[in-house]
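Asks: following is a predicted model, sequence given first.
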Amino acid sequence: MIEVEHLTRRFRELVAVEDLSFRVEKGEVVGFLGPNGAGKSTTMRILTGFLPATSGTVKVAGFDVFDEPLEVKRRIGYLPENPPVYPDLTPLEYLRFCAGLKGLPRRAVAGEIERVAGLARLDGVMDRLTGSLSKGYRQRVGLAQALLGDPEVLILDEPTVGLDPLQIREVRELVKSLAGRHTVVLSTHILPEVAMTCQKVLVVNKGRLVDFDTLDGLIRKHLPGRTVTLEDIAFLEEIYSKLVEGPAAAAAALAGLGAAPGTAPEVAP
Amino acid sequence: MRAALAVARKELTAAFTTPVAWAVLMVIAFFAAQFFNGALDAFRFLTLRAMQLQNPGLLERLSLTERVVAPLFGSMGLLLVIVAPFLSMRLFAEEKRARTFELLLTAPVRPWQIVLGKYLAGMATMAAALLLVALFPLLLSFYATGTQGGAGVEWQTVGTGLLGLLLLGAMAMAVGMFVSALTESVIVAALVSLLFLLSLYVVTLFTIGMEGPVRELVLALSASDHLTSFLTGRIELKDVVYYLSFVVLGLWLTDRALEGARWA
């Protein structure tokens, strides 16, 4: 569904993404992991056609982002890092605007807005000015926008930022329910989130791909001989620090975790 | 086209939810009323003088359209140039500042559709401002009658005057929108477009004492000089071309600026 080949993006002398290649199959939920400034957002912006690549190709559903941007954009629902909402519009006005922008059939608009508002749990705030809503609600308005029109591919840049723990769980359930029918790429630096929602993990560091595998594959590769369950979140943290900082830091992270076993943040239900 | 209309509609909703558009309309209405009263007083003074001079020919030649409406429209030209940057400043700068620019550019629409939608919204507000201005000649027509008993206001001249103002507004909006697409700051957008438009408008001041081709050139560049024939009831091709070329250039450059912003 998504094919990225030798993708490089430079901002003047700064190299944000370097020689990145990966494939995401239809229906997969892929977690995009990496420290701040690793190039996650830049890659997502290129996938959605917002930024052009310096070199390399990106194809979504067989269409090249650079050559046929409209075909690609029609198939992508995108939630940027900062929810792109207008403080002077109500969520209802905003979603109507987005529906027009995406060119949804006129008759379907009202029903579609109701559907995404339900999914993002916006009931009760649809007629309030977005500027007066809390950050969590603004994030959910942005999410509703991404879901509008039921696009095949969803690109979510840190979808759970600003949400409270219960809302985070709702969003995770939502993402999980999208798997299969939709292809989802979501970035986060909350590790449990990846373990709970994603089938595959893509780890980037300093603009380069460090590893791309299923959770099981990562465990087998980096923690051979260890049996871990999804409830045991610490393992992912260990793998992550191994990949991003090297083995020494991984040991330190493990020691830190070992000091307080059982306090791993939030356990899968 | 549907996307452009969606953008225009959103833009108008936002403009009239926030006080910006209302404030601009208020400024227009207030100053139009002042200029109208001033011109009317001057006209009354003139008719009194003509009566004192016992000169019926002069009295008959005094035209309300020429003496009241034309000066009002002339002053409104300057006012439009001053307020237009405040209508156009938000168009793109605000989208960039609020990070909603990403939403527009990742939607399945071409940038020119966004440009067109924003411009349509700007022009709708501009047209609303001109409707306020048009109320004054209308008001005049209720009370005035012509010397031969006909209408006291020459509607053709009023019409060409309004057309001239609309073209001037269209130019100001296109220039302002382009400047707005270049920056993230609405204040910078407003001030830079104000500087550019006001310079073009008052550049005629420099022609005093000038002669020859330089004077011709300065007059040809002036946004106010191209308005004068509209105010006297004439539509001249060169004036229409002057304003429309700014509109076309402004829209085209805005489209280019959006594309360029992605490559920076």
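Replies: Everything's here; your move. Residues are numbered from 1 along each chain as shown, chains lettered A, B, ... in the order given.
Asks: skip the chain neighbours and tell me the closest residue to the residue in the stretch 101-250 of chain A positioned nearest to chain B.
Replies: For the stretch 101-250 of chain A and chain B, the shortest gap (CB to the nearest CB) falls at A:L101, measuring 4.3 Å. Where you see a C-beta, it was placed from the backbone N, CA and C, and this is true even at glycine. Spatial nearest neighbour of A:L101, excluding adjacent residues (CB to CB, 6 or more residues apart in numbering or on different chains): B:A107 at 4.3 Å.
Asks: A:T54 contacts A:R10, doesn't it?
Replies: Yes - the criterion here is CB atoms under 8 Å, and A:T54 meets it with A:R10 at 4.8 Å.
Asks: the spatially closest residue to A:L129 that is not a sequence neighbour - how many residues pack around it?
Replies: Nearest residue to A:L129, sequence neighbours excluded (CB to CB, 6+ apart): A:T90, at 5.9 Å. Using other CB atoms under 10 Å in any protein chain shown, the number of residues around A:T90 comes to 21.
Asks: could you list every residue that touches A:T90?
Replies: A:M126, A:D127, A:R128, A:L129, A:T130 (CB atoms under 8 Å, 6 or more residues apart in numbering or on different chains).
Asks: what subset of these is buried?
Replies: Taking 16 or more other CB atoms under 10 Å in any protein chain shown as the criterion, what is buried in these is A:M126, A:T130.
Asks: can you tell me what sits against stretch A:43-62?
Replies: Residues from elsewhere that reach stretch A:43-62, judged by CB under 8 Å, 6+ apart: A:1-10, A:17, A:19-21, A:32, A:42, A:64-66, A:69, A:71-73, A:75-76, A:78, A:80, A:152-153, A:155, A:157, A:185, A:187, A:204, B:102, B:105-106, B:262-263.
Asks: using PDB, write out every CA atom in it.
Replies: Extracted in PDB, the C-alpha atoms of stretch A:43-62 (Å, rounded to 0.1, in the frame of the first residue of the first chain):
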ATOM      1  CA  THR A  43       8.600  11.400   6.500                       C
ATOM      2  CA  MET A  44       4.800  11.700   7.200                       C
ATOM      3  CA  ARG A  45       4.700  15.100   5.600                       C
ATOM      4  CA  ILE A  46       6.300  13.600   2.500                       C
ATOM      5  CA  LEU A  47       3.900  10.600   2.500                       C
ATOM      6  CA  THR A  48       1.000  13.000   2.500                       C
ATOM      7  CA  GLY A  49       2.400  15.100  -0.300                       C
ATOM      8  CA  PHE A  50       2.800  18.200   1.900                       C
ATOM      9  CA  LEU A  51       6.600  18.300   1.500                       C
ATOM     10  CA  PRO A  52       8.400  17.200  -1.600                       C
ATOM     11  CA  ALA A  53      11.300  14.800  -1.200                       C
ATOM     12  CA  THR A  54      14.800  15.800  -2.100                       C
ATOM     13  CA  SER A  55      15.300  12.400  -3.700                       C
ATOM     14  CA  GLY A  56      13.700   9.000  -3.700                       C
ATOM     15  CA  THR A  57      10.200   7.900  -4.400                       C
ATOM     16  CA  VAL A  58       7.100   7.400  -2.400                       C
ATOM     17  CA  LYS A  59       4.100   5.500  -3.800                       C
ATOM     18  CA  VAL A  60       0.700   5.200  -2.100                       C
ATOM     19  CA  ALA A  61      -1.700   2.600  -3.600                       C
ATOM     20  CA  GLY A  62       0.500   2.500  -6.600                       C
END
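Asks: mean confidence for it?
Replies: For stretch A:43-62, mean pLDDT is 92.
Asks: so A:C198 touches A:L186, yeah?
Replies: Yes - A:C198 lies in contact with A:L186 (CB under 8 Å); the separation is 7.2 Å.
Asks: now the common contact residues for the two.
Replies: Joint contacts of A:C198 and A:L186 (CB under 8 Å, 6+ apart) are A:V29, A:V30, A:G31.
Asks: just send those back as TSV, with neighbour count too.
Replies: Below are the shared contacts of A:C198 and A:L186 laid out as TSV (neighbours: other CB atoms under 10 Å in any protein chain shown):
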residue	neighbour count
A:V29	21
A:V30	24
A:G31	25
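Asks: which ones among these also lie next to chain B?
Replies: For chain B, no contacts are drawn from those by CB under 8 Å from any CB of the partner chain.
Asks: adding pLDDT and secondary structure, write those out as a markdown table.
Replies: Putting the shared contacts of A:C198 and A:L186 into a markdown table (pLDDT from 0 to 100; DSSP: H, G, I helix; E, B strand; the rest coil) gives the following:
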| residue | pLDDT | secondary structure |
| --- | --- | --- |
| A:V29 | 91 | strand |
| A:V30 | 92 | strand |
| A:G31 | 90 | strand |
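Asks: show me what contacts the residue of the stretch 101-250 of chain A closest to chain B?
Replies: B:A3, B:A6, B:V7, B:L103, B:L104, B:A107, B:P108, B:V109 are the contacts of A:L101 under CB under 8 Å, 6+ apart.
Asks: with adjacent residues omitted, what lies nearest to the fourth one?
Replies: Sequence neighbours aside, A:P84 is the residue nearest to B:L103 in space, at 3.6 Å (criterion: CB to CB, 6+ apart).
Asks: one more: the first one?
Replies: Spatially, and ignoring its direct neighbours in sequence, B:A3 is nearest to B:V109 (4.1 Å; CB to CB, 6+ apart).
Asks: residue in chain B nearest to chain A?
Replies: B:A6 (2.7 Å).
Asks: contacting residues around that residue?
Replies: Contact analysis of B:A6 by CB under 8 Å, 6+ apart lists A:R96, A:F97, A:A99, A:G100, A:L101, B:G117.
Asks: same question for A:G180.
Replies: Applying CB under 8 Å, 6+ apart, the residues near A:G180 are A:G27.
Asks: so which residues of the stretch 1-150 of chain B form strands?
Replies: Assigned strands in the stretch 1-150 of chain B: none (criterion: DSSP state E, counting those that start in this stretch).
Asks: buried subset of the contacts of stretch A:43-62 as a PyMOL selection?
Replies: Burial among these is assessed by 16+ other CB under 10 Å; the matching PyMOL selection reads:
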select buried, (chain A and resi 1+2+3+4+7+8+9+17+20+32+42+65+69+71+72+73+75+76+78+80+152+153+155+157+185+187+204) or (chain B and resi 102+105+106)
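Asks: what helix or strand is A:V210 on?
Replies: strand A:208-214 (DSSP states H and E).
Asks: still on that earlier bit, could you export the contacts of A:T90 to JSON lines, including columns for distance to B:Q52 and pLDDT?
Replies: Formatted as JSON lines, these follow (distance: CB to CB, whole Å; pLDDT from 0 to 100):
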{"residue": "A:M126", "distance to B:Q52": "69", "pLDDT": "93"}
{"residue": "A:D127", "distance to B:Q52": "65", "pLDDT": "92"}
{"residue": "A:R128", "distance to B:Q52": "66", "pLDDT": "93"}
{"residue": "A:L129", "distance to B:Q52": "61", "pLDDT": "92"}
{"residue": "A:T130", "distance to B:Q52": "65", "pLDDT": "92"}
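Asks: how about the contacts of A:T90 in a markdown table, adding secondary structure?
Replies: Converted to a markdown table, the contacts of A:T90 look like this (DSSP: H, G, I helix; E, B strand; the rest coil):
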| residue | secondary structure |
| --- | --- |
| A:M126 | coil |
| A:D127 | coil |
| A:R128 | coil |
| A:L129 | coil |
| A:T130 | helix |
